[in-house]
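Novice: just coords:
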């Protein structure tokens, strides 16, 4: 998490010259480093963090995710992005279902486990309480707000893949506060971004 947002970098870190918009169609001719400006903008956004879990054979998988959003109201759809370098993506990219957990504000240790450790080296599920949900996907006991979604579409989105999910099961406790992006930025990633 705490690394620069290379996913949004302009190829070659090129500087782009943009004609500044003055509202009347005229420009200022200002030179702007688009990558730096974009990084600055999205780096200040505050949004909830999620833990996505999957199962492949006997292996439970899971990782901390910051790129996720509701994508449709009717029918209900949610998009989540998984890093290509993450074991959850590498092993679970063909999973039929994924579980998306809202990380509660009090669950910093859980966020550190799923964001700061890699399943290539650590048994994350041996270090937390969980149970099986639909499709045997792991449901984390410490996360009262979660849903399981059937994967209806996948697409390469750069250094992540986007998964569009159709909810098929859920648990909700709206009294729980969320663990946010700015808190997650302090977690040293288990693998490069």
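Specialist: Cool, the structure landed. What you see is a predicted model; the values in this text were computed from it and never measured.
Novice: domains of this structure?
Specialist: Under the assignment automatic domain parsing, the domains of the chain span 6-43, 50-184.
Novice: okay if I get those as a markdown table plus mean neighbour count and mean pLDDT?
Specialist: For the C-beta atoms, the positions are set from N, CA and C on the backbone; glycine is no exception. Listed next are those as a markdown table, based on neighbours: other CB atoms under 10 Å; pLDDT from 0 to 100:
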| stretch | mean neighbour count | mean pLDDT |
| --- | --- | --- |
| domain 6-43 | 12 | 56 |
| domain 50-184 | 18 | 89 |
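Novice: pull the contacting residues for the residue positioned nearest the centre of the chain.
Specialist: Closest residue to the average C-alpha location of the chain: residue 65 at 2.4 Å, with CA atoms, centre = their mean. For residue 65, the contact set (CB atoms under 8 Å, 6 or more residues apart in numbering) comprises 49-52, 80-82, 100.
Novice: got phi/psi on it?
Specialist: phi -130, psi 130 (degrees, to the nearest 10).
Novice: please name the bridge partners of it.
Specialist: residue 50 (DSSP bridges).
Novice: heads up, I number from 15, so please use that
Specialist: Sounds good: first residue 15 from here, last item residue 79.
Novice: any idea how far residue 187 is from it?
Specialist: In this view, residue 79 and residue 187 are 20 Å apart by CB to CB, to the nearest Å.
Novice: could you do residue 130 as well?
Specialist: In terms of CB to CB, residue 130 sits 25 Å off from residue 187.
Novice: ok, now residue 105?
Specialist: 30 Å.
Novice: equivalent analysis for residue 115, please.
Specialist: 12 Å.
Novice: okay, and the common contacts of these two?
Specialist: What both residue 115 and residue 187 touch, as defined by CB under 8 Å, 6+ apart, is the set residue 159.
Novice: surely residue 166 is in a strand?
Specialist: Yes: looking at residue 166 with DSSP: H, G, I helix; E, B strand; the rest coil, it is inside a strand.
Novice: so who does it touch?
Specialist: 91, 178-180.
Novice: report the separation between the residue nearest to the centre of the chain and residue 50.
Specialist: According to CB to CB, residue 79 stands 25 Å off from residue 50.
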